[in-house]
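A.B. asks: curious how this folds, go ahead:
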Amino acid sequence: MKAWAEDQGVDKAGGYITLMGDPTATLTSKLGVELTAAGPMGKGLISRCKRVAIFVVDGVIKLYRISENEGGADDPAGDDYPEATLAPAMLEAITQLGKDEL
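C.D. replies: Prediction:
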């Protein structure tokens, strides 16, 4: 995760961004976002997480976005249409939260 943070330029974000792994898919399973589509699983992608973005404040989930099958596309992982979980969409949604939610 450290190498990924360095690659993304967020390693010196002062604690504002935390990158976390889920090597045993515990969180993935608890959130119900395990990718179970036949295509990816047939290629050996077992226990992979769908494309998810979560904004958490003091341990409370404030925003939860998932990208999958956007526009009826056969895209169970959200790889073709990830926009809902990318930074611009999340930042826009965060700015729309009321001050009491931050």
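A.B. asks: which stretches of this protein aren't confidently modelled?
C.D. replies: Within the chain, the stretches with pLDDT under 70 are 40-41, 45, 69-73, 77.
A.B. asks: can we see that at 90?
C.D. replies: Flagging of the chain using pLDDT under 90 yields the residue ranges 1-2, 4-6, 8-25, 28, 32-52, 56-59, 66-87, 98-102.
A.B. asks: which residues sit against the longest helix seen in the chain?
C.D. replies: Assignment by DSSP state H gives helix 87-95 as the longest helix of the chain. Contacts with helix 87-95, where a contact means CB atoms under 8 Å, 6 or more residues apart in numbering, come from 53, 55, 62, 63, 65, 83, 102. Placement of C-beta: from N, CA and C, glycine included.
A.B. asks: before we move on, what about stretch 36-45?
C.D. replies: By CB under 8 Å, 6+ apart, the surrounding residues in contact with stretch 36-45 are 35, 48, 74, 76, 77.
A.B. asks: present the residues you listed as a markdown table; the columns should include secondary structure.
C.D. replies: Below are the contacts of stretch 36-45 laid out as a markdown table (DSSP: H, G, I helix; E, B strand; the rest coil):
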| residue | secondary structure |
| --- | --- |
| 35 | coil |
| 48 | coil |
| 74 | coil |
| 76 | coil |
| 77 | coil |
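A.B. asks: quick one: buried residues of the longest helix of the chain?
C.D. replies: Buried residues in helix 87-95, counted by 16 or more other CB atoms under 10 Å: 89, 90, 93.
A.B. asks: thanks a lot, see you next time.
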